[in-house]
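Colleague: Dropping a prediction and its sequence here:
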Amino acid sequence: MIEQTKQIEKIYSGRDHCCRCGCGGKYYYPQDRMFNSILKKAMAKMNDSTSQVEDHGQYVNISYGYNDRAYTIYYK
């Protein structure tokens, strides 16, 4: 799903069905200490059969769990 040729700009981790202004979650950027950890968690959820993955071209949204949670991976 995630193309190797695209570079990741940022990853959102937080509530799923809300705006992405940052009020319901947090953004992680490649220079952040936790970026690789969050990316690994997002990739694990992407491969989990209980998660819902939506590829929108410029970003991939990974909805998971019963508490309205998601990872959103944004491309440059």
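Modeller: Here it is on my side, so go on.

Colleague: Please enumerate the helices of this protein.
Modeller: For the chain, the helices defined by DSSP state H cover 35-46.

Colleague: Can you show me the strands along it?
Modeller: 8-15, 25-28, 52-55, 59-64, 69-75 (DSSP state E).

Colleague: Let me have the ones you listed in TSV, adding mean neighbour count as columns.
Modeller: (Each C-beta comes from the backbone N, C-alpha and C, glycine too.) As requested, the strands of the chain are exported to TSV (neighbours: other C-beta atoms under 10 Å):
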stretch	mean neighbour count
strand 8-15	18
strand 25-28	17
strand 52-55	13
strand 59-64	20
strand 69-75	21
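
Colleague: Now mean pLDDT too, for those, in JSON lines please.
Modeller: Compiled in JSON lines, these are given as follows (pLDDT from 0 to 100):
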{"stretch": "strand 8-15", "mean pLDDT": "96"}
{"stretch": "strand 25-28", "mean pLDDT": "97"}
{"stretch": "strand 52-55", "mean pLDDT": "96"}
{"stretch": "strand 59-64", "mean pLDDT": "96"}
{"stretch": "strand 69-75", "mean pLDDT": "96"}
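
Colleague: Save those as JSON lines, and put in distance to Met43 too.
Modeller: Output for the strands of the chain, formatted as JSON lines (distance: least, C-beta to C-beta, whole Å):
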{"stretch": "strand 8-15", "distance to Met43": "10"}
{"stretch": "strand 25-28", "distance to Met43": "13"}
{"stretch": "strand 52-55", "distance to Met43": "11"}
{"stretch": "strand 59-64", "distance to Met43": "9"}
{"stretch": "strand 69-75", "distance to Met43": "9"}
